[in-house]
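this one's structure only:
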């Protein structure tokens, strides 16, 4: 993705692997963790998104993902949050359904992960009809009823 669309991502690829074994300087696993933390901390503080061991790490899920989600709902789902596999960002796409099937793009206006401008670019590439919704990155948690209504409206548009 970095080579294909450098403007769309600021991923930092950090090939940091701890074996859990003592290395030549005889550090322990704990020492390895401290060393890794010292390398990663400045990157996170600089606002970089990280890919470690093939997984994209969200630097601030409270602010980036759950900012418009009810606190009680966020409390349920935050512990379930997992790292996103990064392989999808660098692999080859072999089929794009939108090339043959009309599509709609639900643009989340308050998304702090994918800006509305980036979403507009993605929707434009696919020629999708853009339907804007006043939500952040997780509308299925912040306003599931509104999201369901918009999805149904997309289905109705496609059937006309």
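Perfect, I can see it now. Being a predicted model, the structure only gives us computed values, none of them experimental.

So which residues of this protein form helices?
With helices called from DSSP state H, the chain shows them at 29-45, 61-64, 71-77, 87-90, 116-126, 139-142, 144-159.

got any ranges where the protein has weak pLDDT?
For the chain, the stretches with pLDDT under 70 are 1-54, 86, 88-91, 157-160.

Would you mind giving the domain segments of it?
Annotated domains of the chain cover 10-52, 58-153 [the TED database].

measure the longest one end to end?
This stretch, domain 58-153, spans 31 Å end to end (Cα to Cα, to the nearest Å).

Residue 140 against residue 147, yeah?
Yes. If you go by Cβ atoms under 8 Å, residue 140 and residue 147 touch, sitting 5.7 Å apart. Glycine gets a C-beta too; all of them are placed from N, C-alpha and C.

When those two are compared, which one has more neighbours?
residue 147 (18 against 13; other Cβ atoms under 10 Å).

contacting residues around that one?
Each residue near residue 147 by Cβ atoms under 8 Å, 6 or more residues apart in numbering is listed here: 106, 133, 135, 139-140.

run the last query once more with 6 Å
By Cβ atoms under 6 Å, 6 or more residues apart in numbering, residue 147 lies in contact with 139-140.

Relative to residue 92, how far out is it?
31 Å (Cβ to Cβ, to the nearest Å).

can you count the residues close to residue 137?
So residue 137, with other Cβ under 10 Å, has 21 neighbours.

Go ahead and confirm it touches residue 113.
Yes. If you go by Cβ atoms under 6 Å, residue 137 and residue 113 touch, sitting 4.7 Å apart.

quick one, what contacts the closest residue in space to residue 143 that isn't next to it in sequence?
Counting by Cβ to Cβ, 6 or more residues apart in numbering, the nearest residue to residue 143 once its immediate chain neighbours are dropped is residue 135, at 5.7 Å. By Cβ under 6 Å, 6+ apart, residue 135 lies in contact with 108, 110, 142-143.

Pull out the buried residues from those.
108, 142-143 (16 or more other Cβ atoms under 10 Å).

export those to JSON lines and tack on distance to residue 78?
Below are those laid out as JSON lines (distance: Cβ to Cβ, whole Å):
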{"residue": "108", "distance to residue 78": "19"}
{"residue": "142", "distance to residue 78": "13"}
{"residue": "143", "distance to residue 78": "18"}
